[in-house]
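> Any chance you could fold what I've pasted below:
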Amino acid sequence: MKIQIWSDVMCPFCYIGKRRFEQALQQFEHKDEVEIEWKSFQLNPNMVTDPTININQYLADIKGITLDHAKQMNDQVTEMAAEVGLTYDFDKAIVANSFDAHRFAHLAKQNGLGDEAEEALFKSYFTEGKNIADHDVLADLGESIGLDKAEVYHTLAGNKYAINVQQDIAQAQQLGIRGVPFFVMDNKYGVSGAQAVPTFVQTLEKAYNEWALNKPVKLDVIEGDSCEVGGDC
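Numbering: from 1, shown residues only. This is a model prediction of the structure:
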């Protein structure tokens, strides 16, 4: 059963949602039959990368609130993250456009490392305060999860996977997705936000039960002498 997850690297609830979903998956008895695909989404495609401004100040500026108020809001999210074992440090987080990070994630996905890439990106942004728009940072992340560092540089130097990112965003718009994280299970059920673990478990079970009714039957075959299409015997 396929599950698609739309997210943005700079979305704090996306990392929390990832953890809660993983916890739900551990409770799901058919987890070995689940295929997860990460999809790109940009909360602010026009954001200009600026390592001189941290995310607290950025939040204060775009919302027109005081810096103290912005810190209080992020402190609340930090507490939520801690409940699922994540460490957020908004004082270190760097304002960065996520487009190249999404291209990097698509490269990783093509190499069977999509989940590893998302985890590395989230940790770099929220915990380690790294600039996820910096190609050197992304190349190092790629190497850490098993990608070829030179290939990461080559990919980011051009426009490779840009169309993939844009297609993901367009698909999200077609589905009416306005915020992330957003989980689509078997193209039938959508879960919006970093929901509680039981909500994920219930939706997984509902989607799986319907999917299982229609999945092809896999035969246990006892091989013997036979003729195949084309006349080979």
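> any chance you could map the helices in the chain?
12-27, 55-63, 67-83, 99-110, 114-122, 135-145, 149-157, 162-174, 197-214 (DSSP state H).
> Now tabulate the ones you listed in JSON lines and tack on distance to E37, mean pLDDT and mean neighbour count.
Every C-beta, even on glycine, is put in place using the N, C-alpha and C of the backbone. Output for these, formatted as JSON lines (distance: least, C-beta to C-beta, whole Å; pLDDT from 0 to 100; neighbours: other C-beta atoms under 10 Å):
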{"stretch": "helix 12-27", "distance to E37": "13", "mean pLDDT": "98", "mean neighbour count": "20"}
{"stretch": "helix 55-63", "distance to E37": "28", "mean pLDDT": "92", "mean neighbour count": "17"}
{"stretch": "helix 67-83", "distance to E37": "24", "mean pLDDT": "97", "mean neighbour count": "14"}
{"stretch": "helix 99-110", "distance to E37": "7", "mean pLDDT": "98", "mean neighbour count": "24"}
{"stretch": "helix 114-122", "distance to E37": "7", "mean pLDDT": "98", "mean neighbour count": "22"}
{"stretch": "helix 135-145", "distance to E37": "17", "mean pLDDT": "98", "mean neighbour count": "19"}
{"stretch": "helix 149-157", "distance to E37": "19", "mean pLDDT": "98", "mean neighbour count": "16"}
{"stretch": "helix 162-174", "distance to E37": "10", "mean pLDDT": "98", "mean neighbour count": "15"}
{"stretch": "helix 197-214", "distance to E37": "15", "mean pLDDT": "95", "mean neighbour count": "16"}
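> Reformat those as CSV; add distance to F41.
CSV is the format used below for those (distance: least, C-beta to C-beta, whole Å):
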stretch, distance to F41
helix 12-27, 9
helix 55-63, 18
helix 67-83, 18
helix 99-110, 8
helix 114-122, 12
helix 135-145, 18
helix 149-157, 19
helix 162-174, 6
helix 197-214, 19
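> right, and the ones you listed - which one's nearest A93?
Of all the helices of the chain, helix 55-63 sits nearest to A93, with 4.0 Å by C-beta to C-beta.
> Not counting that closest one itself, show me its contacts.
With contacts defined as C-beta atoms under 8 Å, 6 or more residues apart in numbering, helix 55-63 is touched by 10, 65-67, 69-71, 73-74, 90-91, 93-95.
> Name the nearest of those relative to H102.
M10 (10.8 Å).
> Now that closest one: closest residue in space that isn't a chain neighbour?
S98 (5.5 Å; C-beta to C-beta, 6 or more residues apart in numbering).
> quick one: contacts for that neighbour?
Going by C-beta under 8 Å, 6+ apart, S98 touches 8-10, 42-43, 47, 132-133.
> quick revisit: out of the contacts of helix 55-63, the closest to E210 would be?
Ranked by distance to E210 (C-beta to C-beta), the contacts of helix 55-63 are led by M10 at 34.1 Å.
> isn't that closest one right next to F99, touching?
No - under the criterion of C-beta atoms under 8 Å, M10 is not in contact with F99, lying 11.1 Å apart.
> Next up, the contacts around D75.
F90.
> sorry, back to before: could you redo the contacts of helix 55-63 as a markdown table and give each row distance to L156?
Below are these laid out as a markdown table (distance: C-beta to C-beta, whole Å):
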| residue | distance to L156 |
| --- | --- |
| M10 | 18 |
| I65 | 34 |
| T66 | 37 |
| L67 | 33 |
| H69 | 36 |
| A70 | 31 |
| K71 | 33 |
| M73 | 32 |
| N74 | 29 |
| F90 | 26 |
| D91 | 28 |
| A93 | 21 |
| I94 | 17 |
| V95 | 19 |
